[in-house]
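Chemist: following is a predicted model, sequence given first.
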Amino acid sequence: MKTHTLLMPLDMHLHLRDAVMLENVAPLSAYSFSGALVMPNLVPPISNAAEVVAYKERVLAAVPNDNFEPYMTLFYKNYDKTFLESVADEILAIKLYPAGITTNSEGGVSSFDIDEMRPTLQVMSDLQIPLCVHGETDGFVMDREAEFMSIYELLATNFPKLKIIMEHITTKAAVDMLDKYDNLYATITVHHLLLTLDDVVGGMMQPHLFCKPIAKRPEDLDALLCVALEAHPKVMFGSDSAPHPQHAKESCGCAAGIFTAPIALQLLCEIFEQFNKLENLQDFVSDNAQRIYGICPEFKEVTLEKRPFAVPENYNGVVPMYAGETISWAIETVD
Ligand code: NCD
Ligand code: ZN
């Protein structure tokens, strides 16, 4: 039986939610990942040190094992220097959402006026707090990410020492930005390495494959596969696993978000094996993130085996990607 071992897998973009949902989904990530960058888009969003600390405690309380590190984030606002200094030790990054662009982002940035943002971004740069960005405009849905590239350029050139992470990139346009600016990095999800818009709405509409940013064209998928499979040194795995209750997905106003956390490593093995690139998966799923963020995660050794695995229909009312389908890798042991 073919096996593949991963050390300290990291998920650098994860939605864990709160309360009952947190208790449901956090153990699933903590089982197979050493750590995850936890997104702050709760209602209301995480926006001060006390909330970060309290949320981290709730995450840890929801996790049964002690070898999982929740790396915390703060919801971007135009914070001042004193505030940023007081919160810097509690967080790994700050996450910026354009206002209203995705789930629970209403309090985000409504104008990318660099002069208004400069005091905050300059202090973040000085304190070496990376800026994670949901890079979409409010334009036509297929063009939103590509349209956002000019804002990335503005940020990258105005703050050359600020680490800027283009979250969950979905386009060739974003891939092309990586080598243009030293301070631009990216996360890529597993679903964006598998899907195009055709899979979402080309046949019957698939609510469990609907997310922001929406999956794009075949040429975009190819560009993403190219940098992920080579484990481009500025690219990291971030699942953007975004659980919603089944009724919120299977409804006439389908919530955006794909739940992949419990099958992410299995699917990554499947993709990397298919392209004969399994040897690069370690960099993509851990080593690049360790270097980019300067983190040393808890030890964890995950061995996956190539054998059929039937994806559960749901996890306590949350339907995963590929529910009820059989994928070709399974987690064998976690030490
Ligand atoms: C995320 C969520 O549900 O919180 N949804 C999504 O489609 N990815 C928010 C986000 O990351 O955009
Ligand atoms: Zn997200």
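Modeler: Ah, there it is. Numbers count the residues shown, from 1 in each chain. Ligands and ions are numbered 1, 2, ... in the order given.
Chemist: got the contact list for the helix or strand M149 falls within?
Modeler: M149 belongs to helix 144-158 when elements are defined using DSSP states H and E. For helix 144-158, contacts defined as CB atoms under 8 Å, 6 or more residues apart in numbering pick out 101, 112, 114, 118, 121, 131, 133, 135-139, 162, 164, 166, 169-171, 173-174, 177, 180-181, 183-184, 213, 216. All C-beta atoms are positioned from the backbone trio N, CA, C, and that covers glycine.
Chemist: ok, 7 Å please
Modeler: Applying CB atoms under 7 Å, 6 or more residues apart in numbering, the external contacts of helix 144-158 come out as 112, 114, 135-137, 139, 164, 166, 170-171, 173-174, 177, 181, 183-184, 213.
Chemist: do the same with stretch 274-290
Modeler: 4, 6-10, 12, 228-231, 233, 235-237, 268-269, 272, 296-297.
Chemist: average pLDDT across it?
Modeler: For stretch 274-290, mean pLDDT is 98.
Chemist: what residues sit buried inside it?
Modeler: Across stretch 274-290, burial judged by 16 or more other CB atoms under 10 Å covers 277-278, 280-290.
Chemist: and for stretch 134-143?
Modeler: Those would be H134, G135, E136, T137, M142, for stretch 134-143 by 16+ other CB under 10 Å.
Chemist: farthest-separated two in the residues you listed?
Modeler: Longest distance between any two of those is 16.4 Å, between H134 and M142; criterion CB to CB.
Chemist: closest one to ligand 1 out of the buried residues of stretch 134-143, please.
Modeler: Nearest to ligand 1 among those: H134, at 5.5 Å, using CB to the nearest ligand atom.
Chemist: ok, back up a step: now that we have the contacts of helix 144-158, which of them are buried?
Modeler: 135-137, 164, 166, 170-171, 173-174, 177, 181, 183-184, 213.
Chemist: just the ones of the residues you listed in strands?
Modeler: With strands taken from DSSP state E, the overlap with these comprises I164, M166, L184.
Chemist: what pairs with the second one across the strands?
Modeler: Under the criterion DSSP bridges, M166 forms beta bridges with V133, A186.
Chemist: quick check: the gap between it and Y152.
Modeler: With distances taken as CB to CB, to the nearest Å, M166 is found 6 Å from Y152.
Chemist: re the thing from before, can I get the buried ones among the contacts of helix 144-158 in TSV including distance to D66?
Modeler: Compiled in TSV, the buried ones among the contacts of helix 144-158 are given as follows (distance: CB to CB, whole Å):
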residue	distance to D66
G135	35
E136	37
T137	42
I164	32
M166	32
T170	35
T171	39
A173	42
A174	36
M177	38
Y181	38
N183	34
L184	35
P213	35
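Chemist: sorry, back to before: quick check, nearest of the buried residues of stretch 274-290 to ligand 1?
Modeler: Nearest member of those to ligand 1, counting by CB to the nearest ligand atom, is A289, at 17.4 Å.
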